[in-house]
Each structure stands twice: as C-alpha cells, then as structure tokens.
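Model the structure of this input:
(4 chains)
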Protein chains: 2
Amino acid sequence: MELRTLRYFVAVAEELHFGRAAARLHMSQPPLSRAIKQLETDVGAVLLHRSAAGVTLTPAGAALLDEARTLLDQADRVRARVAAAAGVATITVGILGDSADRGATRLAAAYRRRHPGVEVRIRDTDLTDPTCGLRAGLVDVALTRGPFDETGLTVHELRADPVGAVLRADDPLARRDRLKLADLADRRWFQFPDGTDRIWQSYWNGGEPREGPVVRAVQECLQAVLWNGTVGMTPLGHDPPEELAVVPLIDMAPSRVVAAWNEGDANPLIRSIVQIATAAYRD
Amino acid sequence: MELRTLRYFVAVAEELHFGRAAARLHMSQPPLSRAIKQLETDVGAVLLHRSAAGVTLTPAGAALLDEARTLLDQADRVRARVAAAAGVATITVGILGDSADRGATRLAAAYRRRHPGVEVRIRDTDLTDPTCGLRAGLVDVALTRGPFDETGLTVHELRADPVGAVLRADDPLARRDRLKLADLADRRWFQFPDGTDRIWQSYWNGGEPREGPVVRAVQECLQAVLWNGTVGMTPLGHDPPEELAVVPLIDMAPSRVVAAWNEGDANPLIRSIVQIATAAYRD
DNA sequence: TGGTGTCGATACCGTACGGGTATCGTCGCC
DNA sequence: GGCGACGATACCCGTACGGTATCGACACCA
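Residues are numbered from 1 along each chain as shown, chains lettered A, B, ... in the order given. The predicted model follows:
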C-alpha cells in the first residue's frame, strides 16, 4: 500500500470508471486495473464491484476512499511543512537568452507545482557566457545551450537540436533544403565579444574565428543577418522570423540543451530542478 | 515521496546511523543512502547532515521526522479501518498433514501480521484428499503437496522437494547413498484408501498401484515401514525419525509444495495468502 | 438471434527503478 | 601517518510498472 496506489484508487473510486480514471492519471487502463487488484489483495478485501452496469464501491471501498483522501491530503501538507521548516529556500536559475521555449515554460509550471514555497530567481543572460555565471556563483543552475567548456561543471543533457544556417529569405541559398558548412565559407559572419567561451565561439561561428559585427544576444544575431548581410546559425525547431530562412546544416553536430551546475554542489533543489526538467523536456 | 521512503527516513532519523538503520530495515546500506538522497531532492531540502562525527537532523529533517511518523501511523490504521468496514473476513485454509514445516510456520506469522483482523480457520486433512476439500468448498485455499489432479484448480508452486525412499535403518539398502525405483521393485508398499486421487496415488506408490497396509496419514506411513516392513517415499529435507533412514531416489520427479485454489475464485484473501506464502517459502 | 460497441481483464514486452555486492573517499584517532 | 569507521559511488541484476494488443462478457439494437 503506497501513496501512488492510493492515488490510483481515489481516481477510480471518484470516476467509477477505469478508463476515465486512467485518462485522469495520464496512464493507460490495464496497469491501473492491475494496480487496483494488487491493492485489493494487499488490504485483503474487494474494494470495487465490477459489472457490466458499471463500477460500484463495496463497503470496504467506501471506507478506503475516505481514509485514502485524508491520508493523501496530509501527505501533501507534509511537503509544505518541511519546506517551511527549511526556511525560505532560494534557487537562482540562469537561462540563456533563447532558451525560453516550450520546455522551459513547462518546467516552470511543473516546478512551481512541486515546490510552491521555493523562491526562484531567474537570471537571463546574454550569449557572452553560456554558463550564465555558474562559476562566479551568480546562479545555482544554468539552463543553457552547448557546447561550452565544462570543466568543473556537471552537465545533464535535456535535448539535442540539429542546427541550421540563418539566411535572408532572398538569399540564393535559402531555397536549398540542406547545406554544408563549406557552402557558407565565403560569407560574412557575426562574431562574439572578447572573452566569450572558446568552444562556444568556435561552434557557433562554424568552426573558425570570424570577422564581423559583434553580437551579444539572439535577437542581435538575427538583426545582423538582416541588416549586416551576414549569415549565422541557429537551432532548428523554431519558426524563423519573417524575411529570414533557416536551412539545415547537415555536417554540424547537434547543439545540446543542458542543465549545468557546479560539480559537487549538494543543493537538493538543483537535483530536483534537473529531474523535473528532464521530464519536462522529454515531451 | 512514498510511504516506503518515509519508513526508510524514519529509521535513519531514529538511528542517526545509515548502517544500523539499514540493518533494522533488513536491507543493505547503499540503497538506503540512495533512497534518502532521492527523498531530499524530492522534498527539496537537505534532511540530514552527514559528517565524520555522525549524522544529525537538519530543521527540515526534524520536521519531516515528526510528520512522517504521524503519516505512517495513520497509514497503518487505514488497513484496520478497511478490514472493519469489510466485516469479519474469514478464510479457510486446508493444510495437508505433513506440511506444517518451517515455511508454513513463517507463513502463519507473516499472515497474522498483515491481516490481524482476518479469522483464519485451519483444516488439517489426511492423505485421502491432497486438495484438502477444495472442490467440495470445504476450504478456500489448500497448502499441500503434489502431484494431484489439477483440473478446475489454480496451482501455484511454493517449493519443490526431491523425494527419497523410507527404509528401516537396518535395511541393507539403507546404507546406499542413492537409490532407483527399480531397487525397491520387490518390496511391499503401503497403499492409500479407495477414492484417493489417482495421480497422487500413483506418484507416492512409485508409479504403480500397490498391495499393502492402508495408510491415511504421514505418521501411519512411517509406522507401516516400522511395523509392517514395507518401504515408502517421503520428501527429503526433514530429519527422519529414529530407526528409519531416508535415501534419495534419483529417478523420481521432485514433489511440489503448492498453494491451490478453485479456478476463478476472486477472494482477495486467497491472492494475499499465496503472495505471502511465496515469500515465506522462498527462504 | 446475431451483430456491434463498450469496458474491464489478460497476455506479453521493454524499460526503469530498487535491491544487491564491491569499492572508494574522507575523516577521526591512536 | 597508518588504520578503522562510515557514508558515497559504481556497477549489476531481477522485479515490477507502464505500454500495446487482444480477449471475454455483457448490454443494446437491428
């Protein structure tokens, strides 16, 4: 008899319908049926009458429904009490400019649900430091995009996106359905400010240092393409803005969306957010 | 956060020592450490300070200890309340004469712990009916020994014992360390009463019907060997009584100790007892 | 009466998690 | 500085949970 099983039972007892209960629990019907049967052998009583007419509660089932509800309520309150006893917990999350995508949105929602008492500080950073200030202690955990120098950090991959070239829509290459890096060899690129992570810089400049306008944010990259006539790279998957085209680059390694934190940082809130993020990005 | 995890935490918080807590929980230390760490990321707070000096509770840990104790107490009471609502549950267990071995003893203890409110009626039966009256509805579940006619029954194996020949200690064959059935071909056997299950009869008479004294119980078999000079068969593993010897029979299929119940009987108490029996006999 | 649809149960499969053993890292302590 | 105690880590394995496909029972309707 575990809390999970009791949650299952409450759902079935309230819906009086295995299929609907399974939908409510975001699972399929067979494992739910099995879990309820297991619960019945565990408590040693039939909890539900199943018949073609429908599902009804037995006296034992009615009693368990009542008991389980109060038990689950109290379990929920345990979290809040522990959080209160721990004091006001704070976690600072660094988010790289372009990472506020669907995964990050869902992560925020799921995290607030799990840790309502935790004060989350978001630090939105530009492209100068892909680690969002991890090493300087400015943030506890970074939700960012690779690749970058990982020494001293623990990095957990959330997703991997193939990348494409960003071109003006009227560029001759924009009609191609795929490109190689060599196709862009004679084009102007933008460059990153001095001090930007070397690995990051080399990846997003197509493998070599470049001359060109300096950019500090994703929006600036796109503007550079539009106004300065450069080319650039961006992860696939987002619809490009008007007047720009993104063409897959087939010889570039995918760019990883990752969670990163300082090696050895024992803060459980970090582990927790990484765990939730893994689920949120899994789709 | 599951009840199991909370039980683990309470053990560690009370012992303030992972190793001792693990021993108390009948598990080893590493998975316990892992479970506690997982609980910490789950609730989002450090619960224990680990240092060489020892383990101490954080404020959050102290709060959780208190909360978890009450939650676990209530969870325990849920079982009792459900049992009460289900009314006085009764289960009749048939036990074949010789099955009151260590497994059965442990089963009884474990079952009483799990279902304190259930009235268990034991029906100890002789060898005439290896199913202990299952088909007649005299018992809900039989803890017995095979082989027997299984039509209409569901049979769950608990253990398989090799069998041996029972001989008087002064029998010339008693010195052998193993025998074949053929070695006993010219000996007198006991026989079972009319109406005894055919499969059972043929197995325990060494493959063929026999002439000889009629026996109804295990003790009578042994007496028949002593007093009537017959031979017989018995499962290995028990020390034979004084003046008798048991020699392994290498060409007999092992005899299975099983739980059996009427096919389709949905009584959860049956499922439960079978489940507990499986664990109790696993050693 | 036989076809059809609904719904819970069953069968089967792949993965993930909980348990195990072996070993490491760290910190007192003699 | 070597040693012992103890929690953490690494790795392996079996169970159990969740998935899909299918069955069986029953009500409803033509």
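
OK, contacts around the nearest residue to A:Leu6 once chain neighbours are set aside?
Leaving aside its sequence neighbours, A:Leu6 sits nearest to A:Ala68 (CB to CB, 6 or more residues apart in numbering or on different chains; 4.2 Å). In this view, the C-beta of every residue, glycine as well, is placed from N, C-alpha and C. Shown in contact with A:Ala68 (CB atoms under 8 Å, 6 or more residues apart in numbering or on different chains): A:6, A:9-10, B:78.

Just after the host helix or strand of A:Ala68, pick out the following helix or strand.
Using DSSP states H and E, A:Ala68 sits within helix A:59-85. Heading C-terminal from helix A:59-85, the first helix or strand you meet, by DSSP H and E, is strand A:90-96.

Direction included, what does that following strand pair against?
Using DSSP bridges, the strands paired with strand A:90-96 are strand A:119-125 (parallel), strand A:141-145 (parallel).

quick one: A:Ala110 from A:Tyr281, how far?
11 Å (CB to CB, to the nearest Å).

between the two, which one's more packed in?
Between A:Ala110 and A:Tyr281, counting by other CB atoms under 10 Å in any protein chain shown, A:Tyr281 is the more crowded of the two (19 against 16).

Would you mind measuring from that one to chain B?
Using CB to the nearest CB, to the nearest Å, A:Tyr281 is found at 17 Å from chain B.

repeat for A:Pro235
Taken as CB to the nearest CB, the span from A:Pro235 to chain B is 29 Å.

neighbours around the closest residue in space to that residue that isn't next to it in sequence, how many?
Spatial nearest neighbour of A:Pro235, excluding adjacent residues (CB to CB, 6+ apart): A:Asp161 at 3.8 Å. Counted with other CB under 10 Å, residues neighbouring A:Asp161 total 16.

which strand residues sit across from A:Asp161 in the sheet?
With DSSP bridges as the rule, A:Asp161 is bridged to A:Ser255.

DNA strand C contacts on chain A?
Contact residues, chain A versus DNA strand C (CB under 7 Å from any atom of the strand): A:17-19, A:29-30, A:33-34, A:36-37, A:50, A:54-55.

Flag the shaky bits of the stretch 151-283 of chain A, pLDDT-wise.
Applying pLDDT under 70 to the stretch 151-283 of chain A flags residues A:217-219, A:240, A:282-283.

ranges for the helices of it?
A:198-204, A:218-228, A:268-281 (DSSP state H, counting those that start in this stretch).

ok so, going back, and the angle from the helix holding A:Ala68 to helix B:268-281?
Using axes from the mean of the first three to the mean of the last three CA atoms, to 10 degrees, one finds that helix A:59-85 and helix B:268-281 are set 60 degrees apart in direction.

Domain map for chain A?
A:3-85, A:90-160+A:256-281, A:163-253 (automatic domain parsing).

Which one of these lies nearest to B:Ala169?
Closest of these to B:Ala169 is domain A:3-85, at 46.5 Å (criterion: CB to CB).

near chain B, which residues of the stretch 151-283 of chain A?
Residues of the stretch 151-283 of chain A lying close to chain B by CB under 8 Å from any CB of the partner chain are A:266-269, A:271-272, A:275.

Between the residues you listed, which sits nearest DNA strand D?
A:Ala266 (8.1 Å; CB to the nearest atom of the strand).

where does the nearest residue to the closest one once chain neighbours are set aside land in three-state SS?
Closest residue to A:Ala266 apart from its sequence neighbours, by CB to CB, 6+ apart: B:Val46 at 7.2 Å. When classified by DSSP: H, G, I helix; E, B strand; the rest coil, B:Val46 comes out as coil.

So A:Gly207 is in contact with A:Leu181, correct?
Yes. The pair A:Gly207 / A:Leu181 is scored as a contact, 6.5 Å apart, by CB atoms under 8 Å.

Next one, pLDDT for A:Ala86 please.
Predicted confidence (pLDDT) for A:Ala86: 80.

Mind listing what's buried along the helix holding A:Ala68?
Under the neighbour-count criterion of 16 or more other CB atoms under 10 Å in any protein chain shown, helix A:59-85 has A:60-61, A:63-68, A:71, A:75, A:78-79, A:81-83, A:85 buried.

now swap in stretch A:130-141 and tell me
Within stretch A:130-141, judged by 16+ other CB under 10 Å, the buried ones are A:130-132, A:134, A:139-141.

End to end on that stretch, go ahead and measure it.
By CA to CA, to the nearest Å, the extent of stretch A:130-141 from end to end equals 12 Å.

which residues touch that stretch?
A:91-96, A:123, A:125, A:142-146, A:148-149, A:152-153, A:197, A:200, A:259-262, A:265, A:267, A:269-270, A:273-274.

before we move on, the earlier item: of the residues of the stretch 151-283 of chain A next to chain B, keep whichever come out buried.
So, by 16+ other CB under 10 Å, the buried ones in those are A:267-269, A:271-272, A:275.

coming back round to it: out of the helices of the stretch 151-283 of chain A, nearest to A:Arg188?
Here helix A:218-228 is closest among the helices of the stretch 151-283 of chain A (CB to CB), at 7.0 Å.
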